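> Whatever this is, show me its structure:
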Amino acid sequence: MARPIRVLKGIRILSLALNLPGPAALMRCRRMGATCVKLEPPAGDPMGLYNKAAYDQLHEGVKVLKADLKSAAGQKVLQRELAQADVLLTSFRPSALEKLGIGWKKLHRAYPALSQVAIVGAPGARAEEPGHDLTYLADNGLVPGLELPATLYADMGGSLMASEAVLQAARARNEGYAGTGEAHARGVFIEVALSEAAAYLGLPRQWGLTQRTGAVGGAHAGYRVYACKDGRVAVAALEPHFAAALSAAAGAPASDIRAMFTPANHRAITAFLATQTRAQLDRLAIEKDIPLHTMAAA
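Predicted structure coming up:
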């Protein structure tokens, strides 16, 4: 991954967020220069139990502390860390935060300069509803069949939105109060909903782009996954010059943009690719400048 500009240098983040979206956001913030501290329950983060490799990568460079926030000793650790933090990152339901004594109103009174980025399942009044990555994707039309999605799109999309929210909080802190004469900056509250991350990722489908009749949903013969002689090939010859090169190689009857949507071109390209090995197609991609990627059989 390219080394990012350390725009969060000097910002200290305290995270209470477990599993994936929060730690993934924290990982990105650390790479942008933030000092990252995480409080975990005594039993640890569940991610550390079911996928240690993922946990280790997510928490590289993060100072991890253990504290039972339901105990007096744990609350003491929490308050000590809150007093040093610029941003608090959470992934609890609002009612759980209230029970822990860190609902936003109370938190803001105690630490006026502290911002909070709250990762929730759904926005506003729906934040108490149970849900997970799969249900948010399903609600936005991103689970078209019986197979599970290839990755955790809502969780990872939500982590990007959460790291973006940390940047917004840092920017608001720097711009909103610089030169105002105020002794202290005032923190902001930003809610990040995983359901909204799924909805954002689902916009191309909503627009029809990835529906079966859409150009990148299979209707365009140059943008599909095909079988080849010893595996599969993902073809992304969408632009006219790429489509023309693919059509010429396949002996398709025509190569203009309208022709790429016709059954004749689909048949010709399907038949041609079925005769080619992955090695032959890899060479074709280089020789004819065609964007494609070969894969093993499913």
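> Find the nearest non-adjacent residue to residue 75, please.
Distances taken as C-beta to C-beta, 6 or more residues apart in numbering put residue 69 closest to residue 75, at 6.4 Å, once the chain neighbours are dropped. Just so you know, the C-beta spots here come from the backbone N, C-alpha and C atoms, and that holds for glycine as well.
> Check whether that neighbour really touches residue 39, as I assumed.
Yes - at 7.3 Å, residue 69 counts as touching residue 39 under the criterion of C-beta atoms under 8 Å.
> Now the common contact residues for the two.
The contact sets of residue 69 and residue 39 overlap at 16, 78 (C-beta atoms under 8 Å, 6 or more residues apart in numbering).
> Can you list phi and psi of residue 61 for me?
Backbone geometry at residue 61, expressed as degrees, to the nearest 10, gives phi 80, psi 0.
> Kindly report the same for residue 226.
Dihedral angles (degrees, to the nearest 10) for residue 226: phi -120, psi 160.
> could you list every residue that touches the closest residue in space to it that isn't next to it in sequence?
Once flanking residues are discounted, residue 226 sits nearest to residue 273: 4.4 Å by C-beta to C-beta, 6+ apart. Shown in contact with residue 273 (C-beta under 8 Å, 6+ apart): 226-228, 233, 235, 250, 281.
> Which of those residues sits closest to residue 204?
Nearest to residue 204 among the contacts of residue 273 is residue 235, at 18.2 Å by C-beta to C-beta.
> list the buried ones in the helix or strand harbouring residue 248?
For residue 248, the host element (DSSP states H and E) is helix 240-250. For helix 240-250, a neighbour-count test (16 or more other C-beta atoms under 10 Å) marks 242-247, 249-250 as buried.
> First-to-last residue distance for stretch 53-72?
Start-to-end span of stretch 53-72 (C-alpha to C-alpha, to the nearest Å) is 33 Å.
> hang on, isn't residue 242 packed against residue 221?
No - between residue 242 and residue 221 there is no contact under C-beta under 8 Å: 11.6 Å.
> Give the helix, strand or coil label for the residue nearest to residue 226.
helix (DSSP: H, G, I helix; E, B strand; the rest coil).
> what packs against the lowest-mean-pLDDT helix or strand in the chain?
Using mean pLDDT, DSSP states H and E, helix 153-177 stands out as the lowest-scoring helix or strand of the chain, at a mean of 91. Judged by 3 or more C-beta pairs under 8 Å, 6 or more residues apart in numbering; DSSP states H and E, helix 153-177 is in contact with helix 21-31, strand 87-90, strand 115-120, helix 133-139, strand 189-193, helix 194-201.
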